[in-house]
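Enquirer: how would this look folded up:
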Amino acid sequence: MSKQVVLITGAGGSLGRELVKYLHESYQIIGMDNNEWACATLQNEYHDIKVLMKDFDKWRFDQDPCNILVHCAAYKHVNLCEDNPHDCIENNIIKTGKLFAEAFKNNVDILFISSDKAVEPCNTYGFSKAIGEKLCKHYNGSIARSGNFLGSSGSVIPIWEQCIAEGKPLPITDPKMTRYVIELPDAARQIWSEFLLGKKLIIPNMEKLTLNELKLRVLHKHNLNDDYPSKIIGPRPGEKMSEKLTWEGEHELK
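Expert: Below you'll find the model as predicted:
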């Protein structure tokens, strides 16, 4: 039997790359990303997958069939989405809705990578992900709602590690701010196994840490003392003190 074809949008991103790594031996992978460097890196690392450098709204399911769509691609930086709401809405809602509609029309299973920021959203990115979840549900897809991926591009850990390398204080919004975190390999494994079981709402098992606890882990990883200097910069617009994984009264989708 030929392998099932899995199309991964945003395949050059942190979770996209991890899913490629996790799935490429068992599935025929098509990785799509609009970032040239990300595509080149994927192509160099995985010679057995097809890599396409294009926006996900350019895919035509009737011309290039696949069995499963994993939609990782999104504008995800909260502050940038706050400053550019039109572009965030166009990418995360309008184009995503069209992608899901075409996938559904061509009998393609959908797995949508969402965020805990979609629960009771207070920023443009969160609202866009909440509507993306509604669209996914409308087209009978599965939603994977996760917290922060440790060490992913745009997360605070690479920023802190760069500061450590340069001997600078670590910027921290609020030491008491809490976030759900998970290692990328754990996220990929849990999300895919739950998807194969037919779950419609997938919430991986994650740790809930304060930013201070997360900062201490990074310092210990680099053999530094707890008193390494940091500077409080305060929450940015659209940031919550604490995220939630489910809406009040929400039951797991069947």
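
Enquirer: Just the endpoints, please. Distance across stretch 103-118?
Expert: Criterion C-alpha to C-alpha, to the nearest Å; first-to-last residue distance in stretch 103-118 is 22 Å.

Enquirer: Quick one: the strands in this structure, in order.
Expert: 5-9, 28-33, 50-53, 68-71, 109-115, 142-146, 148-149, 170-172, 178-182, 201-202, 207-210, 230-232 (DSSP state E).

Enquirer: With mean neighbour count and mean pLDDT as new columns, can those be given to me in a markdown table?
Expert: Where you see a C-beta, it was placed from the backbone N, CA and C, and this is true even at glycine. A markdown table is the format used below for these (neighbours: other C-beta atoms under 10 Å; pLDDT from 0 to 100):
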| stretch | mean neighbour count | mean pLDDT |
| --- | --- | --- |
| strand 5-9 | 25 | 98 |
| strand 28-33 | 24 | 97 |
| strand 50-53 | 18 | 95 |
| strand 68-71 | 24 | 98 |
| strand 109-115 | 23 | 97 |
| strand 142-146 | 23 | 97 |
| strand 148-149 | 22 | 88 |
| strand 170-172 | 17 | 93 |
| strand 178-182 | 20 | 92 |
| strand 201-202 | 21 | 96 |
| strand 207-210 | 15 | 94 |
| strand 230-232 | 13 | 93 |
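
Enquirer: What about G10, how many residues nearby?
Expert: The number of residues packed near G10 is 24, by other C-beta atoms under 10 Å.

Enquirer: Distance of it relative to T173?
Expert: Separation of G10 from T173 (C-beta to C-beta, to the nearest Å) stands at 26 Å.

Enquirer: Then T124?
Expert: Going from T124 to T173 by C-beta to C-beta gives 18 Å.

Enquirer: same question, I93
Expert: I93 sits 27 Å away from T173, going by C-beta to C-beta.

Enquirer: which one of these two has more residues nearby?
Expert: Neighbour comparison, I93 and T173: the larger count goes to I93, with 18 against 15 (by other C-beta under 10 Å).

Enquirer: dump the residue contacts of that one.
Expert: Contacts for I93 were tallied using C-beta atoms under 8 Å, 6 or more residues apart in numbering; they are 128, 131-132, 135.

Enquirer: From one end of stretch 185-204 to the other, what's the distance?
Expert: Length of stretch 185-204, first residue to last, C-alpha to C-alpha: 11 Å.

Enquirer: Now do the contacts for Y27.
Expert: Counted by C-beta under 8 Å, 6+ apart, Y27 has contacts 3-6, 68.

Enquirer: switch the cut-off to 6 Å
Expert: If a contact means C-beta atoms under 6 Å, 6 or more residues apart in numbering, then Y27 has 3-4, 6 as its contacts.
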